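Enquirer: quick one: sequence plus predicted model below, questions after.
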Amino acid sequence: MKHTMTGKWFLAASAVFSAGAGATLLPAVQIDTLVRSADVIVVGTLSAGDTWQASPQRGTVRVRSVIKGSPSLLATPIEVSWTVPAELVRQRATGLWFLTADKDRVSYRATGQTALPAVIVVPGTGVERPPTVERRLAAILAGTVAADDQSLCDAAGAPGTAVACAAPRRQDAWAELRRLPAAVASEQLLLLAKHPSTEVCLLAVAGLVDLGSTDQVHRVFDRLLHPDEREAVAARVLAAALARISSGVISAQDFRRMYGSSDPYIRQSALDGLRSAASTDDLPFLVRLLDDNDVRTRFMAANTILRISGGHPVSDAIYRQQEDSLRTKLKAWAAAQRS
């Protein structure tokens, strides 16, 4: 979906919201307030089916444009409920708020239309959102993460099946899933952690690690050592997640193993993790890094040894000025610990 088209939809949606601002969508919550605080706003086509007389009506909206939220929602079917007829349709469905831009209800009822423009607004910060919203969105987003490349590219209207097309959309969906409440997100992430695609598994385990669960790390840890081109970004995401968690959850030994990765970004995350996980047992490894060819590696190793010794970390600028003398002092201190 091109940016210009999305902009047009946004203007049209804004007009609808403004026109109906006097109606109450939620108790004491005006439509413009809801829109400002929404996590997701999408525009699509509503399929009304043959039972328009029923109240509440049920149908499916296929997303055609994402005004606010992940592009991975494009072409996603979202089930909704509403009451027909109504100038500004509103009905709590599967936790989603449904609004229609079509005001000509007589024409709708007389001609038996089966599709009309629709806007879905998912309340966000400051507006109470029932659990069904999170569960429904979590299922949609998890399905996007697990989808094959062709499906992801087709949903976005992008040509081909290249990783360059599908991978960013998969990662966008993963990021949106992570923003949902932990209990809802973890349920889907646990399912994705058993997916046959290594790329999907790595993303899922990274999400679980960020939520404080490391039970699934063993399933994919070895993929951090030699990730292929397709898995590289997802592997880096997991490595960074492991480096962020508190000391003691992932052992220094595991971070030393990670440092043996063929991927430089994963090696960097391993050093990040060692800054809090390393102890005197890791001094021989860290001392060797003081002579590494990469200045960033030497800098991080020096600060890790300083932390173990009870000293204060130094800035990059100070390290570069005092590197030789500091290296000598740190090696001498480490040698004294082994004697």
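Expert: That came in fine, so what should we check first? Note that the coordinates shown come from a computational prediction; the quantities given were computed from them, not determined experimentally. Numbers count the residues shown, from 1 in each chain.
Enquirer: please count neighbours and contacts with C-alpha atoms only from this point.
Expert: Noted.
Enquirer: got the contact list for E199?
Expert: Neighbour list for E199: 230-231, 234-235 [criterion: CA atoms under 8 Å, 6 or more residues apart in numbering].
Enquirer: ranking the residues you listed by neighbours, who comes first?
Expert: A235 (30 neighbours; other CA atoms under 10 Å).
Enquirer: strands along the protein, start to end?
Expert: 24-26, 29-30, 40-47, 57-68, 77-82, 97-100, 115-122 (DSSP state E).
Enquirer: in this protein, what helix or strand scores lowest on average pLDDT?
Expert: strand 24-26 (a mean of 32; mean pLDDT, DSSP states H and E).
Enquirer: gap between L306 and L286?
Expert: Computed with CA to CA, to the nearest Å, the distance linking L306 and L286 is 11 Å.
Enquirer: tell me, which of the strands of the chain is the model least confident about?
Expert: Comparing mean pLDDT across the strands of the chain, the weakest is strand 24-26, with a mean of 32.
Enquirer: tally of neighbours for Q188?
Expert: 20.
Enquirer: nearest residue to it in space, please, no chain neighbours.
Expert: Once flanking residues are discounted, Q188 sits nearest to A142: 6.2 Å by CA to CA, 6 or more residues apart in numbering.
Enquirer: my read: the one you found touches A175, true?
Expert: No: applying CA atoms under 8 Å, one finds A142 not in contact with A175, separated by 10.4 Å.
Enquirer: give me the more crowded residue out of those two.
Expert: Between A142 and A175, counting by other CA under 10 Å, A142 is the more crowded of the two (24 against 16).
Enquirer: ok, G69 to V43 distance?
Expert: As judged by CA to CA, G69 and V43 stand 11 Å apart.
Enquirer: if we can go back for a sec, distance check, the residue nearest to Q188 against D316.
Expert: A142 is 41 Å from D316, where distance means CA to CA.
Enquirer: what do you get for F285?
Expert: Distance, F285 to D316, by CA to CA: 21 Å.
Enquirer: same check, this time on E229
Expert: Relative to D316, and taking CA to CA, E229 is found at 32 Å.
Enquirer: who's more crowded, those two?
Expert: Neighbours of E229 and D316, each counted by other CA under 10 Å, are more numerous for D316; the result is 14 against 8.
Enquirer: wait, what's in contact with that one?
Expert: With CA under 8 Å, 6+ apart, D316 has these contacts: F299.
Enquirer: just the pLDDT for it.
Expert: Value for D316, per-residue pLDDT: 93.
Enquirer: so what's Q337 closest to, chain neighbours aside?
Expert: Nearest to Q337 is T280, by CA to CA, 6+ apart, at 7.7 Å.
Enquirer: same check, this time on D282
Expert: That would be A252: by CA to CA, 6+ apart, it lies 7.5 Å from D282.
Enquirer: run a quick neighbour tally on the one you found.
Expert: As a burial measure, A252 scores 22 neighbours (other CA under 10 Å).
Enquirer: swap in A241?
Expert: 20.
Enquirer: and it, what does it touch?
Expert: 206-207, 209-210.
Enquirer: let me have these in CSV, adding neighbour count as columns.
Expert: Output for the contacts of A241, formatted as CSV (neighbours: other CA atoms under 10 Å):
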residue, neighbour count
A206, 29
G207, 27
V209, 24
D210, 17
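Enquirer: if we can go back for a sec, neighbour-wise, which of L306 and L286 wins?
Expert: L286 (27 against 18).
Enquirer: quick one: the helices in the stretch 201-339 of the chain, in order.
Expert: 217-220, 232-244, 252-258, 264-277, 283-289, 295-309, 316-338 (DSSP state H, counting those that start in this stretch).
Enquirer: quick one, which of those is nearest to P196?
Expert: helix 217-220 (11.5 Å; CA to CA).
Enquirer: buried set for the closest one?
Expert: When burial is assessed from 16 or more other CA atoms under 10 Å, helix 217-220 yields the following buried residues: 217, 220.
Enquirer: what does that helix contact?
Expert: Contacts of helix 217-220 (CA under 8 Å, 6+ apart): 198, 201-202, 205, 209.
Enquirer: so where's the stretch 101-250 of the chain uncertain?
Expert: The stretch 101-250 of the chain contains residues with pLDDT under 70 at 101-134, 136-137, 153-164, 246-248.
Enquirer: repeat the analysis, applying 90 as the threshold.
Expert: By pLDDT under 90, the low-scoring segments of the stretch 101-250 of the chain are 101-181, 184, 229-230, 245-250.
Enquirer: so which of the contacts of A241 is the closest to S339?
Expert: V209 (38.2 Å).
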